[in-house]
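**Student:** sequence unknown, structure follows:
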Ligand code: GLY
């Protein structure tokens, strides 16, 4: 009897020791992540101050061409013009660096007239990632007004027969194209509806998201890049790619846009179909046989030449940020998987393999993204949106999981 009791006590002690060790390992891993995130934001502030010095007043940083050793800047119409100010706001939020805030405010002034821009569907990227963060951080009503105006402008591209927003204008290639990327622009519409109470924008966002579920996805929940529609009847003319390897391949950033887009739609609507769509896309990405061990995908999950194909750090950063939000809505088991995957991506991106040195890489933070491989454009290069979603994901990790 006494022996039995002793044995039970020994077993209980052993179990207690295991729990204490697990707890301290977890605490260790949390403090390591906290330190890593702080290091990356401190670095980002220093790197982006160098970026500020070399960026002309009327331009935004786009990329850096390692072949010529030259930085490339864009005009305000380029779909990425909001990422530089957006990134500055993310850095300011985490560091409180006043010089970074002043630079962000200066760049918003130059970007502001774009709230009237009708040339494409990218106003969500351009205005939400910049002014959206500015409003979230400062609560300045002037920024909210810019967001309201931009939503009204974007809504002009809604095509009622298609039940979706037209992405690009009619061209020799497409009649009324809608690209998977467009899911990201819905955040502007959802936010303005929630903020003003005008549900017409939310209605458009829902219609677009429903049409995209219907036509953009394959049975395995990978997505086409472009669906071309007949704007008079809403009929699908063709299912194509533009930036992917071929029409039936899975362009890596496209899968990330879809994942982020449906997670965000669930945040605003609590519609189960959007959550399910995001869960299925996450499953597709996380079980892809071509996903490398460091979880920075090739530019297309079906890219020719794997394992020597270029990577896309931007797709990884967007995926990490989306998974961290999706984990908030998923089952405990799935949430654990998503946070672990996002952590793995962020640790990889923060390593010397992907994160640039101070003053290198055109003063961008991340290396090894791919813009448009079929056109030989921005291949294995830094991209402003890779930096943006990387820092967004680091912020989310710190704010939600540490
Ligand atoms: N068309 C936006 C992108 O390259 O993701």
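**Tutor:** The structure has been received and is ready for your questions. Quick caveat: nothing in here was measured; it's all calculated off a predicted structure. Residues are numbered from 1 along each chain as shown.
**Student:** When you work out contacts or count neighbours from here on, use the C-alpha atoms and nothing else.
**Tutor:** Noted.
**Student:** what's around residue 145, how many residues?
**Tutor:** 15 (other C-alpha atoms under 10 Å).
**Student:** Please apply the same query to residue 138.
**Tutor:** Neighbours of residue 138 using other C-alpha under 10 Å come to 11.
**Student:** going forward can the numbers begin at 484, since that is how I track them
**Tutor:** In the new numbering, first residue 484, that becomes residue 621.
**Student:** Now do it, the pLDDT please.
**Tutor:** In this model, residue 621 is scored at 98, pLDDT.
**Student:** State the distance from residue 732 to the ligand.
**Tutor:** 15 Å (C-alpha to the nearest ligand atom, to the nearest Å).
**Student:** thought that residue was touching residue 783?
**Tutor:** Yes: in this structure, residue 732 is within contact of residue 783 by C-alpha atoms under 8 Å, at 7.2 Å.
**Student:** how about the closest residue to the ligand within the chain, phi and psi?
**Tutor:** Of all residues in the chain, residue 854 sits closest to the ligand, at 5.5 Å by C-alpha to the nearest ligand atom. Note on residue 854: its backbone torsions stand at phi -80, psi -70 [degrees, to the nearest 10].
**Student:** ok, now which ones touch the closest residue to it other than its chain neighbours?
**Tutor:** Leaving aside its chain neighbours, residue 854 sits nearest to residue 861 (4.8 Å; criterion: C-alpha to C-alpha, 6 or more residues apart in numbering). Counting by C-alpha atoms under 8 Å, 6 or more residues apart in numbering, residue 861 touches 546, 548, 852, 853, 854, 855.
**Student:** Apart from its chain neighbours, what residue comes closest to the third one?
**Tutor:** In other words, residue 852. residue 795 is the one closest to residue 852 (C-alpha to C-alpha, 6+ apart), at 4.0 Å.
**Student:** and what of the fourth one?
**Tutor:** If you skip the residues right next to it in sequence, residue 853 has residue 862 as its closest partner in space, 4.5 Å away by C-alpha to C-alpha, 6+ apart.
**Student:** State the helix or strand in which the one you found lies.
**Tutor:** Assessed by DSSP states H and E, residue 862 sits outside every helix and strand.
**Student:** what about it, neighbour count?
**Tutor:** Neighbours around residue 862, by other C-alpha under 10 Å: 21.
**Student:** cool, and residue 769?
**Tutor:** Residue 769, neighbours per other C-alpha under 10 Å, totals 16.
**Student:** And it, what's its pLDDT?
**Tutor:** Reported pLDDT for residue 769: 98.
**Student:** same deal with residue 490?
**Tutor:** Residue 490 is given a pLDDT of 64.
**Student:** And for the one 5 residues further on?
**Tutor:** Per-residue pLDDT puts residue 495 at 48.
**Student:** I'd like the distance between the residue nearest to residue 854 and residue 867.
**Tutor:** 11 Å (C-alpha to C-alpha, to the nearest Å).
**Student:** Now for these two: what residues contact both?
**Tutor:** residue 546.
**Student:** Show me which residues of the stretch 684-833 of the chain are close to the ligand?
**Tutor:** Within the stretch 684-833 of the chain, the positions adjacent to the ligand are residue 736 by C-alpha under 6 Å from any ligand atom.
**Student:** what do you get if the cut-off is 8 Å, keeping everything else the same?
**Tutor:** Within the stretch 684-833 of the chain, the residues that sit near the ligand (C-alpha under 8 Å from any ligand atom) are 726, 736, 737, 740.
**Student:** most neighbours, which of the residues you listed?
**Tutor:** Busiest of these [other C-alpha under 10 Å] is residue 736, holding 30 neighbours.
**Student:** residues in contact with the residue nearest the centre of the chain?
**Tutor:** Centroid check for the chain by C-alpha atoms, centre = their mean gives residue 801 as the closest residue, at 3.1 Å. Residues in contact with residue 801, defined by C-alpha under 8 Å, 6+ apart, are 736, 739, 740, 743, 869, 872, 873, 876.
**Student:** doesn't it fall inside a strand?
**Tutor:** No: under the criterion used here (DSSP: H, G, I helix; E, B strand; the rest coil), residue 801 is helix, not part of a strand.
**Student:** residue contacts, residue 619?
**Tutor:** Taking C-alpha under 8 Å, 6+ apart as the test, residue 619 contacts no residue whatsoever.
**Student:** what's the answer for residue 880, then?
**Tutor:** residue 807.
**Student:** could you give the mean pLDDT of whichever helix or strand it is part of?
**Tutor:** Residue 880 is part of helix 867-884, with elements assigned from DSSP H and E. For helix 867-884, mean pLDDT rounds to 98.
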